[in-house]
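> Mind folding the following:
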Amino acid sequence: MSKGVLHGVGTGPGDPELLTIKAVRTIESCPVIAAPQTADGAMVALDIVRGAVDFTGKTVIPVRFSMTRDLERRAAEHASLVRELVAHLDAARDVALLNLGDPSIYATFQRIAPDVRAHGFEARAIPGVPSFCAVAAALERDLTPEMSSPLHIVPGGYDDVRRAIGWPGTKVVMKARRSLADTKRILREEGAFDGAELVEDCGLPGERVYRSLDKEHVLLATAGFDKDHRQMPGYNAAKARTFSDARVTFTEEQVKKECARCLGCGATKVDSYLCIGCGLCTTKCKFDAIHLKKVRDWHAGSYETMPIKVAEGVVKRAGSIVKKAVRK
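Residues are numbered from 1 along each chain as shown. You can find the predicted model right below:
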């Protein structure tokens with residue numbers, strides 16, 4: 001009896017168009033798909049692949065791993081996944097285990113592949129576009145400016161970040177979302193903060209590129225949140241009797257205090273020409289700091305009534321023209 005094959009498929013950083021042809025063909029050929037699932041139920045790798053592959057008739061296995069450094073707990077979770085995968089492989093069903101980026105870089109596939117092989121099954125890796133390559137493209141940066149330039153990949157949240165700052169060449173910090181505050185603190189302490197850049201959710205719909213980490217927010221104490229009053233601009237008495245704006249811009253200290261009131265969410269400007277008033281932003285701030293205010297009580301008419309509205313306008317305009325003509 002034939003046996004199934006486990007494929008560790010790299011899905012790339014986030015854009016479905018960055019999936020390789022081989023990755024798409026492999027996923028299409030596998031009746032069983034295993035995909036990582038976060039604690040809140042999100043399955044990012046699966047969502048990426050859905051943009052390129054039809055999942056009709058496929059069995060999807062959620063892979064739930066806790067982000068813990070408890071080695072015993074992680075080993076137990078891996079063993080449970082291996083048992084589930086082996087059951088499908090033993091039934092001659094090929095399995096595609098999805099991995100963000102490439103399956104050779106901080107990937108679940110490499111953690112369980114040896115155990116799957118130990119059970120007598122084949123495990124193959126299908127390369128994908130690494131996330132840091134897509135980040136470099138988004139930042140328009142050369143990771144190796146010289147042929148002799150080394151490239152270092154360091155996981156966020158570990159002491160290696162501090163040590164890596166002194167290494168020659170380019171340093172890439174991956175998996176840094178949970179430890180971003182600590183990483184920024186280390187960069188500041190080591191004098192490397194100003195040269196750091198960040199791409200958040202690279203390749204995904206919510207991708208954000210930060211040319212400077214300070215654009216997110218300044219590291220400020222938040223113990224006094226909501227206790228500072230809104231800062232008021234200064235006043236230039238010399239412009240009191242002119243048509244010039246007599247207000248004075250905030251000082252640096254005032255800017256810090258004003259931004260601290262929003263817990264570092266940052267000062268932002270809403271473009272009234274782009275905002276459609278959907279109200280989604282009001283649901284994102286857990287401190288209920290965003291509110292929508294109705295300034296006009298106006299409702300757009302339906303498409304079907306437009307000809308009637310236009311006709312009414314034409315009649316009114318014609319009447320105004322006639323009145324003016326009679327007066328003359």
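> As a check, name the ranges of all helices in the stretch 1-150 of the chain.
Using DSSP state H, counting those that start in this stretch, the helices of the stretch 1-150 of the chain run over 21-29, 44-50, 71-90, 108-118, 131-139.
> Including mean neighbour count and distance to E312, could those helices go into CSV?
Using the backbone N, CA and C atoms, a C-beta is placed for each residue, glycine as well. Shown next, in CSV, are the helices of the stretch 1-150 of the chain (neighbours: other CB atoms under 10 Å; distance: least, CB to CB, whole Å):
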stretch, mean neighbour count, distance to E312
helix 21-29, 16, 56
helix 44-50, 20, 48
helix 71-90, 15, 67
helix 108-118, 17, 65
helix 131-139, 19, 51
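> Quick check, central residue of this structure?
When the chain is reduced to its mean C-alpha position, the nearest residue by CA atoms, centre = their mean turns out to be D201, at 2.7 Å.
> looking at it, that one is touching R208, isn't it?
Yes. Using CB atoms under 8 Å, D201 makes contact with R208 at a distance of 6.8 Å.
> re the thing from before, ok, now which ones touch the residue nearest to the centre of the chain?
Residues in contact with D201 (CB atoms under 8 Å, 6 or more residues apart in numbering) are G14, E207, R208.
> Need the phi and psi values for the last one.
With angles defined as degrees, to the nearest 10, R208 shows backbone torsions of phi -130, psi 130.
> who's it bridged to?
Counting by DSSP bridges, R208 is bridged to E200.
> pretty sure it contacts V199?
Yes. Counting by CB under 8 Å, R208 touches V199, with 7.3 Å between them.
> So these two - more neighbours on which side?
More crowded of R208 and V199, by other CB atoms under 10 Å: V199, with 19 against 13.
> quick one: the strands in this protein?
5-10, 32-37, 59-64, 95-99, 122-126, 151-155, 170-174, 198-200, 208-210, 234-235, 247-248 (DSSP state E).
> A45 is nearest to which of those strands?
strand 95-99 (4.0 Å; CB to CB).
> Need the residues that contact that closest one.
Contacts of strand 95-99 (CB under 8 Å, 6+ apart): 4-11, 26-27, 30, 32-36, 45-46, 49, 61, 63, 85, 88-89, 103, 107-109, 112, 128.
> In TSV, list the helices of the stretch 1-150 of the chain along with distance to M306.
Output for those, formatted as TSV (distance: least, CB to CB, whole Å):
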stretch	distance to M306
helix 21-29	45
helix 44-50	38
helix 71-90	57
helix 108-118	55
helix 131-139	43
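> any weak-confidence spans in the stretch 51-200 of the chain?
66-69, 157-158 (pLDDT under 70).
> give me the low-pLDDT residue ranges for the stretch 201-328 of the chain?
Looking at the stretch 201-328 of the chain by pLDDT under 70, you get 213-230, 259-274, 285-287, 289, 295-304, 328.
> try 50
Along the stretch 201-328 of the chain, the model assigns pLDDT under 50 to residues 215-225, 263-264, 266-267.
> Helices of that one, residue ranges please.
252-260, 306-327.
> With only the CA atoms kept, save the longest one in PDB.
Translated: helix 306-327. Written as PDB, here are the backbone C-alpha positions of helix 306-327 (Å, rounded to 0.1, in the frame of the first residue of the first chain):
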ATOM      1  CA  MET A 306     -31.900  60.600  -9.700                       C
ATOM      2  CA  PRO A 307     -33.800  61.500 -13.000                       C
ATOM      3  CA  ILE A 308     -36.700  62.900 -11.000                       C
ATOM      4  CA  LYS A 309     -34.300  65.000  -8.800                       C
ATOM      5  CA  VAL A 310     -32.500  66.300 -11.800                       C
ATOM      6  CA  ALA A 311     -35.800  67.200 -13.500                       C
ATOM      7  CA  GLU A 312     -36.900  69.100 -10.400                       C
ATOM      8  CA  GLY A 313     -33.600  71.000 -10.500                       C
ATOM      9  CA  VAL A 314     -34.000  71.800 -14.200                       C
ATOM     10  CA  VAL A 315     -37.600  73.200 -13.600                       C
ATOM     11  CA  LYS A 316     -36.400  75.300 -10.600                       C
ATOM     12  CA  ARG A 317     -33.500  76.700 -12.600                       C
ATOM     13  CA  ALA A 318     -35.800  77.500 -15.600                       C
ATOM     14  CA  GLY A 319     -38.200  79.300 -13.300                       C
ATOM     15  CA  SER A 320     -35.400  81.400 -11.800                       C
ATOM     16  CA  ILE A 321     -34.200  82.400 -15.300                       C
ATOM     17  CA  VAL A 322     -37.800  83.400 -16.300                       C
ATOM     18  CA  LYS A 323     -38.200  85.500 -13.100                       C
ATOM     19  CA  LYS A 324     -35.000  87.400 -13.700                       C
ATOM     20  CA  ALA A 325     -36.000  88.000 -17.400                       C
ATOM     21  CA  VAL A 326     -39.400  89.400 -16.300                       C
ATOM     22  CA  ARG A 327     -37.800  91.800 -13.800                       C
END
